[in-house]
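**Student:** 3D, please:
(one chain, ligands or ions: 1)
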Amino acid sequence: MIDAPGAQMPLRLRLDGGALTSNYRFLANASGSGVAGAAVKANGYGLGAREVVARLSKAGCRDFFVAHWAEAFAIADIVPPDQITVLNGVGEGDIMAALSLGARPMLNSPAQIERWRVAGGGRCHVMIDSGINRLGIGPEQISSGLFDGLDIDIVASHLASADEDGPQNAQQLALFRQVISMVPAQRRSFANSAGIMLGPDYHFELTRPGLSLYGGIARPQMAAFIKQVAFPQAQVLQIRDLPAAAPVGYNATFRCPAAMRVATISLGYADGYLRGFSNSGAAKFDGTSLPVIGRVSMDLVTLDASGVQNLREGDWVELDYTLADASRQSGLSQYELLAGLGQRYWRGWQ
Ligand SMILES: *Cc1c(COP(=O)(O)O)cnc(C)c1O
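**Tutor:** Model (predicted):
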């Protein structure tokens, strides 16, 4: 967060800790005989990794997944470092940090395995690529002796299309099942948020939800159970009464169809409220909807406030940000809607 001593922050992210915990419990239950870890990379999907980790740890979560070593350091005083997994693995420049911290790398390639073995790194995890063809050890790279001498806790793989019903899920599952018999690991982990809903075959000992912890609807059948966690709010900077035909915002993409009251709020694409919300998003004040009119600017958004005569400069409005709806409105993925939330919000957990 950026902060100005004495100044009030003009935008805030209201964060519902009860909803986060409730989402975790739902996903842990839905993981059946497996336990649920948590993906907390990218600063807890934009919400604040430290607060997220503290709450999930209290709710019983014991496996936290970040992408970078710096992200592991950022939470290593909150949970035991050996509960933290660094998904992007261990590069040449990471070895010292990895050994000193005690978080565990997800080893993604034969080169990373060799690096870890030579460094005497100790307990680790291994990622098998079962078809996303991104990070991980391809089945064709597994040779006899590859895992010799490693102390492997988790063998993992990652689904490419768990939010869809095509054939790829079952294909990846079959390949994962085939390969794990060759990896001497304590635990197996396969499913992300959407994967959990694919059923018991996908659960194994540990699941790795991210998106749905934070309110994302990864598959439709979760919609009744997953609660919104993040609620962006912005302060009204100015209110103007404009005549019919007045243009609003950059490039005049909106013209007032009649005389209108327009409220300009302190929020913009620099805060992750991207231009896809131009002329399509909305905010609420006192239960009344205020549609976004005109283009989203870097630091400003204009709203049709004609329906709220009691709105004053300095009042707060709450943006419509239920992720599935906001995704449809903006053309952004639910992931982008969360991870893009910027550094200018005052983040307030309740
Ligand atoms: C981000 C990530 C997850 C979490 O996925 P969601 O779709 O957000 O639930 C799980 N596993 C890996 C390897 C990831 O990179």
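
**Student:** Count the residues that sit near residue 277.
**Tutor:** The number of residues packed near residue 277 is 24, by other C-beta atoms under 10 Å. Every residue, glycine included, has its C-beta placed from N, CA and C.

**Student:** From the ligand, how far out is it?
**Tutor:** Going from residue 277 to the ligand by C-beta to the nearest ligand atom, to the nearest Å gives 22 Å.

**Student:** How about that residue: what's its closest non-neighbour residue?
**Tutor:** In this structure, residue 277 finds its nearest non-sequential neighbour in residue 330, 5.0 Å apart by C-beta to C-beta, 6 or more residues apart in numbering.

**Student:** List the contacts of the one you found.
**Tutor:** 274, 276, 277, 280, 281, 337 (C-beta atoms under 8 Å, 6 or more residues apart in numbering).

**Student:** for residue 72, helix, strand, or coil?
**Tutor:** Under the three-state scheme (DSSP: H, G, I helix; E, B strand; the rest coil), residue 72 adopts helix.

**Student:** wait, it sits on residue 89?
**Tutor:** No. At 12.0 Å, residue 72 and residue 89 do not qualify as touching, with contact defined as C-beta atoms under 8 Å.

**Student:** Next, show the common contact partners of the two.
**Tutor:** Counting by C-beta under 8 Å, 6+ apart, nothing touches both residue 72 and residue 89.

**Student:** what about the residue in the stretch 251-350 of the chain that the ligand sits nearest to, which SS state?
**Tutor:** Per C-beta to the nearest ligand atom, residue 335 is where the stretch 251-350 of the chain lies closest to the ligand, at 6.6 Å. Residue 335 falls in the helix class when you classify it by three-state DSSP.

**Student:** Kindly provide the distance from the residue in the stretch 101-250 of the chain positioned nearest to the ligand to residue 24.
**Tutor:** Residue of the stretch 101-250 of the chain nearest the ligand, by C-beta to the nearest ligand atom: residue 210 (2.7 Å). Residue 210 is 11 Å from residue 24, where distance means C-beta to C-beta, to the nearest Å.

**Student:** so what sits against both of these two?
**Tutor:** By C-beta under 8 Å, 6+ apart, the residues touching both residue 210 and residue 24 are residue 38.

**Student:** List only those of the contacts of residue 330 flagged as buried.
**Tutor:** Taking 16 or more other C-beta atoms under 10 Å as the criterion, what is buried in those is 274, 276, 277, 281, 337.

**Student:** Which ones among the residues you listed map onto helices?
**Tutor:** If you go by DSSP state H, these have residue 337 in helices.

**Student:** Which ones among the buried ones among the contacts of residue 330 map onto strands?
**Tutor:** Judged by DSSP state E, strands contain none of these.

**Student:** can you redo the buried ones among the contacts of residue 330 as TSV with distance to residue 247 and pLDDT?
**Tutor:** As requested, these are arranged in TSV below (distance: C-beta to C-beta, whole Å; pLDDT from 0 to 100):
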residue	distance to residue 247	pLDDT
274	21	97
276	20	97
277	18	98
281	19	98
337	28	98
